[in-house]
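Novice: here you go, sequence then predicted model.
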Amino acid sequence: MFLKTTNAVITVVAGVGVAVAVYWILNKIAELLPGRWEDRIKPYLFILPAYAAITLYLIYPSILTFIYSFKDSTSTEWVGFDNFTSLLTSHEFQQTLVNTLLWMIIVPIFTVAIGLAVAVLSDRLGPRGENISKTLIFMPMAISMVGAATVWRFLYAYRPPGQEQIGLQNALVVLLGGKPVPWLQQDQFHLNSLLLMVMLLWAQIGFAMVLLSAAIKGVPVDTLEAARIDGAGERQIFFRVVVPQIKGTIITVFVTTLITVMKIFDIVYVMTNGNFNTNILGVEFYNQLFTNFNNGAAAAIVVILMVAMAPIMIYQVRNFKAEEAA
Amino acid sequence: MRVHKRGVKALTAVAAMALGVSGLAACGGGSSSDDKTVEIWMSVDQPVFDGLKKSMTAKAKKAGITVKMSKVTDINSLIMTKIQANDAPDIALIPQPGVVANIVKRNKAIALDDVISSDAKDSMLGGALEAGTFNGKLYGLLSSANVKSLVFYNKKAWDKAGYKAPTTIDELDALTDQIKSDGGVPWCFGIESDTATGWPATDWFEELVMKYGGADGYNDWVTHKTKFDSDLVKQAGEEFQKLVLTPGNHIGDGKTIASTNFGDAENSMWKDKPGCWMLKQGTFITAFWPEDVVKNFSKDVGVFGFPSATSGEKAPVLGGGDLAVLLNDNASAKKAMQMLAETDTGDDAAKNGSTYLSPHNDFDSSLYVNPVIKAADQVVKNGSGLLFDGSDQMPGEVGAGSFWKQVTSWITGQQDLNDTLKNIDDSWPSS
């Protein structure tokens, strides 16, 4: 233990020291150049380590993943588009895509809608009530996803009829005289997927609420007063005055949640492992890589995800830039 | 000029620091640099681990090497990651032949044919070597076994009702019907197991395929020479359906089975009037039982081996275990491998009452303390050999994927048997 701690401390100190030294040297190198050139080159030299890190940890693996998606399960032989065709023609993978799409549509919309509702309603409360309700809703953000998913499993837990129900939902059903329901296996209308989404909503709404609440508080009061004087109702004020002014924040929350959802893995992995038609891309990727040891299929899934995510990222960056400029 | 000099100095300092950091990283990596030290990883139960460690440490001392044994979790995916990072231990005990096959496929395992003496090989239980043999060479040596062809029952209630252990599958059918007509539920059955939901059902397929098709039929099925969509597997599936899945033969319906944890399925078996009467499971299941049942095992629990298809026939026994794989080609590691292959390496693990079951014919059965293991040992001795769990031998896509999932869908009533078997065939990887 002592050895490990010292090791860690030395690593941190040395790491920071090296970083400082690298920048110091880069600075010195720049200073060696004649005056005007020093100023021209210095910014590029300073950003160089950051670019190098991004290239090493992000771009290089991405390119490698792209290449592996055209190779076989051990990444030794080229197989062309086989990984993609075998994935896309399998019924199970199509269902996985449908499920992922459902997650992508439902979760961001509800996160924004409910987050906005909570932000507006709590804004109407007194300062104490507002603080308490916001704290309660924000709290789930502090719990790790795996921990939360384990807890939520108990909510949906099922025991055969006759045995004591340990799941909250089934305990209620039995109390009301019904028969216990294996919730996570109800795949009609993707009910079980929806039940899993509820958990993510529970965890994400706090985040949406905080951002949206701040935005609402930032809406200038005089615009509201002007609307009131002009005779607008509360509903009109909200949709025509408040919402347009916080549109940027709404889009940011929507896109951030969307990206979270596209990468989601832990909830489904812990609660069903993709069984009972609840599979999503993240879990499928994990299973391809760590259960099937199929590098090719796993890489292909990641490529599909990257392609799907790219336009959203580009939109997000543009939106961000437009906001900055405004 | 002064500036220049300082630059050089700083460069030297940075280089020194960088060296220091990489040196530290190497220390933290924990790869055995010392040729006399052999690193062995396994994921067996703690008591089994303790027993094996005791024996191995004593043997290593005599041989003048050091063994560093570690118990790790999730060894199947961990070992593949470590192998790809070239940071693997010298020996790993892997519970899934499918994973061993993947290591062999990547050319990272060392063949054991010349490492293990022929005496040691001859002492292995029938079928034990085949599970670790790939492309005609031995890569995985069974080091500790478990048996799955066991049916447990509540002894007191059973004796009171006057039931007798069946010796053929027909008799098992008759017994099941009798329990049902006496007003009982014949089978305890649950297949929920977190991310591995479905495996207890695949055990039933394996058991019945093995009993109907014999060792050859079973091995052909495991290697996909016989398809899932074949008469043999269909016969097994239909018998399983008739015995266990018929309404009234288990508690609740198909969805109940899929959401009952395999460790909870037999909870009601221990009552004076059992909620269900029979449980087909492996030796490891006792870890999930109430403490007082395990304590009074020989008084409260009865066990019989899963019966053979025809009477008087010596049938293969379904089991599993941990396969030792040699990952580094050096003399000390080979020495440690030979030590693992020695029959008496299991002595301490048997004596401490763990669930260790020796894969050797010549193991001294009187050393076993654990009553479940004693019973399992008898079942193995009465059988024609130990065949390794089929789903563990199949490629991961099937054995740890579609086989579990498709059978779960079948049991919950989402599809019929024919579609289930066809879907599994479709998921079999082409290469």
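Specialist: Thanks, I have it.
Novice: would you mind listing what in the stretch 201-326 of chain A touches chain B?
Specialist: A:Tyr269, A:Asn273, A:Gly274, A:Asn275, A:Phe276, A:Asn287, A:Phe290, A:Thr291, A:Asn292, A:Phe293, A:Asn294 (Cβ under 8 Å from any Cβ of the partner chain). Using the backbone N, CA and C atoms, a C-beta is placed for each residue, glycine as well.
Novice: show me just the buried residues among the residues you listed.
Specialist: A:Tyr269, A:Asn273, A:Gly274, A:Asn275, A:Phe276, A:Asn287, A:Phe290, A:Thr291, A:Asn292, A:Phe293, A:Asn294 (16 or more other Cβ atoms under 10 Å in any protein chain shown).
Novice: now stretch B:113-124, how far from the centre of its chain.
Specialist: Centroid displacement of stretch B:113-124 relative to its chain, using Cα atoms, centre = their mean, to the nearest Å, is 22 Å.
Novice: excluding chain neighbours, what is closest to the residue of the stretch 101-250 of chain B at minimum distance from chain A?
Specialist: At 3.8 Å from chain A, B:Thr195 is the closest residue in the stretch 101-250 of chain B, using Cβ to the nearest Cβ. Excluding the flanking residues, the one nearest B:Thr195 by Cβ to Cβ, 6 or more residues apart in numbering or on different chains is A:Asn273, at 3.8 Å.
Novice: same deal with B:Tyr153?
Specialist: B:Gly302 (4.8 Å).
Novice: again with A:Pro220
Specialist: Per Cβ to Cβ, 6+ apart, closest to A:Pro220 is A:Gln245, 8.0 Å.
Novice: against chain B, how distant is that neighbour?
Specialist: 46 Å (Cβ to the nearest Cβ, to the nearest Å).
Novice: residues contacting that residue?
Specialist: If a contact means Cβ atoms under 8 Å, 6 or more residues apart in numbering or on different chains, then A:Gln245 has A:Ala215, A:Val219, A:Pro220, A:Thr223 as its contacts.
Novice: so the first one makes contact with A:Thr252?
Specialist: Put plainly, it is A:Ala215. No - counting by Cβ atoms under 8 Å, A:Ala215 does not reach A:Thr252; the two are 9.2 Å apart.
Novice: where's A:Phe138, which helix or strand?
Specialist: Element membership of A:Phe138, judged by DSSP states H and E, is helix A:127-138.
Novice: flag every buried residue along that helix.
Specialist: Neighbour-count burial for helix A:127-138 [16+ other Cβ under 10 Å]: A:Glu130, A:Lys134, A:Ile137.
Novice: repeat that for stretch A:41-53.
Specialist: Buried, per 16+ other Cβ under 10 Å, within stretch A:41-53: A:Lys42, A:Leu45.
Novice: for B:Arg106, give me phi and psi.
Specialist: The phi/psi pair for B:Arg106 (degrees, to the nearest 10) reads phi -90, psi 10.
Novice: what does the model give residue 81 for pLDDT?
Specialist: You didn't pick a chain, so chain A it is. Per-residue pLDDT puts A:Phe81 at 92.
Novice: chain B was what I was after
Specialist: 88.
Novice: name the helices or strands packed onto the helix or strand encompassing it?
Specialist: Secondary structure assigned from DSSP H and E places B:Thr81 in helix B:75-84. In terms of contacts (3 or more Cβ pairs under 8 Å, 6 or more residues apart in numbering or on different chains; DSSP states H and E), helix B:75-84 is packed against strand B:37-42, strand B:91-94, helix B:97-105.
Novice: quick one: the last one near chain A?
Specialist: Yes - taking Cβ under 8 Å from any Cβ as the criterion, helix B:97-105 and chain A are in contact, through B:Val99, B:Asn102, B:Lys105.
Novice: buried only: go through those residues for me.
Specialist: Buried subset of the residues of helix B:97-105 next to chain A (neighbour count, 16+ other Cβ under 10 Å): B:Val99, B:Asn102, B:Lys105.
Novice: before we move on, the earlier item: does the residue nearest to B:Thr195 touch B:Glu192 like I think?
Specialist: No - contact criterion Cβ under 8 Å: A:Asn273 and B:Glu192 do not qualify, at 10.9 Å.
Novice: if we can go back for a sec, which strands and helices sit next to the helix holding A:Phe138?
Specialist: helix A:91-124, helix A:191-218.
Novice: quick check: bridge partners of B:Gly321?
Specialist: Residues in a beta bridge with B:Gly321, per DSSP bridges, are B:Ala145.
Novice: okay, now it: neighbour count?
Specialist: When neighbours are counted by other Cβ atoms under 10 Å in any protein chain shown, B:Gly321 registers 28.
Novice: list the contacts of A:Phe84.
Specialist: Counted by Cβ under 8 Å, 6+ apart, A:Phe84 has contacts A:Ser69, A:Ala300, A:Ile304.
Novice: give me that answer again for 10 Å
Specialist: Under the criterion of Cβ atoms under 10 Å, 6 or more residues apart in numbering or on different chains, the contact list for A:Phe84 reads A:Ser69, A:Phe70, A:Gly296, A:Ala297, A:Ala300, A:Ile301, A:Val303, A:Ile304.
Novice: quick one, phi/psi of the fourth one?
Specialist: Read that as A:Ala297. Torsion angles at A:Ala297 (phi, psi; degrees, to the nearest 10) stand at phi -60, psi -40.
Novice: hang on, it packs against B:Glu397?
Specialist: Yes - at 8.8 Å, A:Ala297 counts as touching B:Glu397 under the criterion of Cβ atoms under 10 Å.
Novice: secondary structure element for the most centrally placed residue in chain A?
Specialist: Taking Cα atoms, centre = their mean, the centroid of chain A lies closest to A:Thr260, which sits 1.4 Å from it. Using DSSP H and E, A:Thr260 sits within helix A:247-262.
Novice: about what we covered before: overlap in contacts of A:Ala297 and B:Glu397?
Specialist: A:Ser73, A:Asn287, A:Gln288, B:Pro429.
Novice: burial count for the residue of the stretch 101-250 of chain B closest to chain A?
Specialist: B:Thr195: 17 neighbours (other Cβ under 10 Å).
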